[in-house]
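K.L.:
got a predicted structure plus its sequence, pasted below:
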Amino acid sequence: MAYFDRQWGWGPPIENINDAMRGILSRERDGMDRYNWAMGLARYHALEFGQHSAVSIMDPIYIGKLLESDEVNIFHEPRVFEMIARYCLLNANEKDKVMHEMVKSLRLPLIRPQYIIDEIEPAVRPNGKCRELLKEAYRWHLVPEEREKMRLDSPVRTRPRNPYIRIISVGSHDMETCNILELYDTKEKEWNRMKDIEIDRTHTSSIMVDCRVMIVGGKVDGKPSGRVQCYDVITATMLEEEPLLTPRYNASLVTMGFGFATVLYVLGGRNEDGCLDSVEKWDPDNREWLYGKEMEFKREEFGVVAWDNRLWVAGGRCGDVWFETLEMFKPKKNKWKFRADMNQPRPYCKMVVAGYNFYAMGGYTEGEGERNLFTLERYDPYEDKWTLLANMNICSGPISVGAIGDKIIVFDGKPDENGQSRAEYFVDSNYKWLNFDPFKHHRANASIITIPYFMNRMRLAKR
């Protein structure tokens, strides 16, 4: 199998940023085609672009047009404010003139209130026009019943960004398909099977950590495994990491932090003694696993997300006990706390963060004659409340779930009567499910990994 280079974006960031800067600054001379191309480069490498020394001499209108785009490759909205604050600091003499032009490109209502109060309000309050934007953000948080009207009045500022990213699917409950790696391009709208990776077990859990796919635990010949493999998507090589302290399968993975400060958590699952409540976290500096604070309940096949510097765990099961409970963990306090229960128990629960909230879906009904759950629930962390939304159209077997911006994507656990995979996506503001491109090679309970902006190149092998 020959290796090939698959371009991730437009080449090395520094060269691209310089090209983008020249294209934007020479709009009058070189025309709109080059300008539009340069703005595309700047959106793709937005964080690096914001650190460029020449940004300070650019017209704030261009910066505003750049930052108001849905396709800006920034997943954390406060990062956008940091770019605005830096620009205003470099243009201190014209701060009052440029502040509103910049801040109106910010998705203020989608930023948590405490950050607005502590960081944003002190910087923008002296500007009268910016105060109106602050009022809009506070009204979004304090009067949730007006959010639908606000979505109509301010569709851009209340809509999560939808940046250009790619998706990896890996793993399965089936030994025949557990080593398949597929890649989806949101621009090309197509799945491509890449080089198969060497996985000798089923029921693994996978997640992206610092440009690498971590494949954790699993089941070999019916026994739990503590094996941890690391697939480097830059070099297309599989590496071995230190094994888990407790072998397990059906565990849930989540990361917190950014870049080299990313912390990987492995929660719950099952071993030969039954379900687990133990938590392990990966220490990237010493390359070792450490035990964390145990969850309140032993669980497997549950959902977990990281949101607002906290871990949120919901659903799952332990033997015949099926959970609807939600637990929240604050790393700084090293303490788990119960929050509002879901509307129904959910073994095989899946959770994703999409936009301002996070969502739980999938699973089975309780009692005799287990049936698939087609329901979708949204949790509002500020109100501590779950709300049932539009039912899914597909849900047979353990589903696979991911998110792009505010889109929730679900891949069915079983093929249809023609043996074809099925997939659909949900956008909360539209309140309906629409068809999405399914896997080319069907798998149940695959891990769905989204590739963020800093993945600049990818080197994989074609079959």
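P.N.:
Done, it's in.
K.L.:
only C-alpha atoms for contact and neighbour calcs from this point on.
P.N.:
Fine.
K.L.:
quick check: A403 touching M351?
P.N.:
No: taking contacts as C-alpha atoms under 8 Å, A403 lies outside contact range of M351: 9.8 Å.
K.L.:
when those two are compared, which one has more neighbours?
P.N.:
Neighbour totals were compared for A403 and M351, and M351 leads with 25 against 21 (other C-alpha atoms under 10 Å).
K.L.:
return the distance of W322 relative to G316.
P.N.:
Using C-alpha to C-alpha, to the nearest Å, W322 is found at 6 Å from G316.
K.L.:
phi, psi of D185?
P.N.:
Per-residue torsions, D185: phi -110, psi 120 (degrees, to the nearest 10).
K.L.:
circling back: overlap in contacts, W322 and G316.
P.N.:
345-347 (C-alpha atoms under 8 Å, 6 or more residues apart in numbering).
K.L.:
from those, pick the one nearest V103.
P.N.:
Of all these, V103 sits closest to R346, with 41.1 Å by C-alpha to C-alpha.
K.L.:
is it correct that the closest one is in contact with G362?
P.N.:
Yes: the pair R346 and G362 qualifies as a contact (C-alpha under 8 Å) at a distance of 7.0 Å.
K.L.:
how about low-confidence regions in the stretch 301-450 of the chain?
P.N.:
Judged by pLDDT under 70, the stretch 301-450 of the chain has its weakly predicted residues at 355-356, 366-370, 429-430.
K.L.:
can you rerun that using 80?
P.N.:
The model of the stretch 301-450 of the chain has pLDDT under 80 over residues 308, 355-357, 365-371, 396-397, 404-406, 416-417, 419, 428-431, 450.
K.L.:
just the strands in the stretch 351-463 of the chain please.
P.N.:
Secondary structure of the stretch 351-463 of the chain by DSSP state E, counting those that start in this stretch: the strands cover 357-361, 376-380, 385-388, 400-404, 407-411, 423-427, 432-435, 447-451, 457-461.
K.L.:
G226: which of these is closest?
P.N.:
Closest among the strands of the stretch 351-463 of the chain, using C-alpha to C-alpha: strand 447-451, at 17.8 Å.
K.L.:
and that closest one, what does it pack onto?
P.N.:
Judged by 3 or more C-alpha pairs under 8 Å, 6 or more residues apart in numbering; DSSP states H and E, the packing partners of strand 447-451 are strand 166-170, strand 205-209, strand 400-404.
K.L.:
now the ones you listed as JSON lines including distance to L183?
P.N.:
Shown next, in JSON lines, are the helices and strands packed on strand 447-451 (distance: least, C-alpha to C-alpha, whole Å):
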{"stretch": "strand 166-170", "distance to L183": "5"}
{"stretch": "strand 205-209", "distance to L183": "13"}
{"stretch": "strand 400-404", "distance to L183": "13"}
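K.L.:
got the domain ranges for this structure?
P.N.:
With domains defined by automatic domain parsing, the chain comprises 3-153, 166-461.
K.L.:
which of W322 and G316 has more neighbours?
P.N.:
Using other C-alpha under 10 Å, the more surrounded residue of W322 and G316 is G316, with 27 against 21.
K.L.:
that one against K298, yeah?
P.N.:
No: using C-alpha under 8 Å, G316 makes no contact with K298, being 9.2 Å away.
K.L.:
which parts of the stretch 101-250 of the chain are helices?
P.N.:
113-115, 121-124, 128-142, 147-153 (DSSP state H, counting those that start in this stretch).
K.L.:
next one: the first one to chain centre, how far?
P.N.:
Taking the mean C-alpha point of helix 113-115 and that of its whole chain, the gap between them comes to 21 Å (C-alpha atoms, centre = their mean, to the nearest Å).
K.L.:
buried stuff in that helix?
P.N.:
P113 (16 or more other C-alpha atoms under 10 Å).
K.L.:
same check, this time on the longest one
P.N.:
If you call a residue buried by 16+ other C-alpha under 10 Å, then helix 128-142 has these buried ones: 129-130, 133-134, 136-141.
K.L.:
what does the last one give?
P.N.:
By neighbour count, and taking 16+ other C-alpha under 10 Å as the criterion, the buried residues in helix 147-153 are 147, 150.
K.L.:
just to revisit the earlier point, between the helices of the stretch 101-250 of the chain, which one is closest to D221.
P.N.:
Closest among the helices of the stretch 101-250 of the chain, using C-alpha to C-alpha: helix 113-115, at 49.3 Å.
K.L.:
ok, I197 to W386 distance?
P.N.:
From I197 over to W386 the distance is 39 Å, taken as C-alpha to C-alpha.
K.L.:
actually G171, not the one I wrote
P.N.:
Taking C-alpha to C-alpha, one finds G171 at 30 Å from W386.
K.L.:
between the two, who's got more neighbours?
P.N.:
G171 (28 against 19).
K.L.:
in contact with the more buried one, which residues?
P.N.:
Shown in contact with G171 (C-alpha under 8 Å, 6+ apart): 177-181, 202-206, 443, 445-447.
K.L.:
same list, these, but as JSON lines with neighbour count please.
P.N.:
JSON lines is the format used below for the contacts of G171 (neighbours: other C-alpha atoms under 10 Å):
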{"residue": "T177", "neighbour count": "19"}
{"residue": "C178", "neighbour count": "24"}
{"residue": "N179", "neighbour count": "19"}
{"residue": "I180", "neighbour count": "21"}
{"residue": "L181", "neighbour count": "19"}
{"residue": "T202", "neighbour count": "25"}
{"residue": "H203", "neighbour count": "25"}
{"residue": "T204", "neighbour count": "30"}
{"residue": "S205", "neighbour count": "25"}
{"residue": "S206", "neighbour count": "25"}
{"residue": "R443", "neighbour count": "27"}
{"residue": "N445", "neighbour count": "26"}
{"residue": "A446", "neighbour count": "28"}
{"residue": "S447", "neighbour count": "21"}
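K.L.:
which one of those is nearest D380?
P.N.:
The nearest one, if we look at the contacts of G171 relative to D380 and count by C-alpha to C-alpha, is S447, at 24.7 Å.
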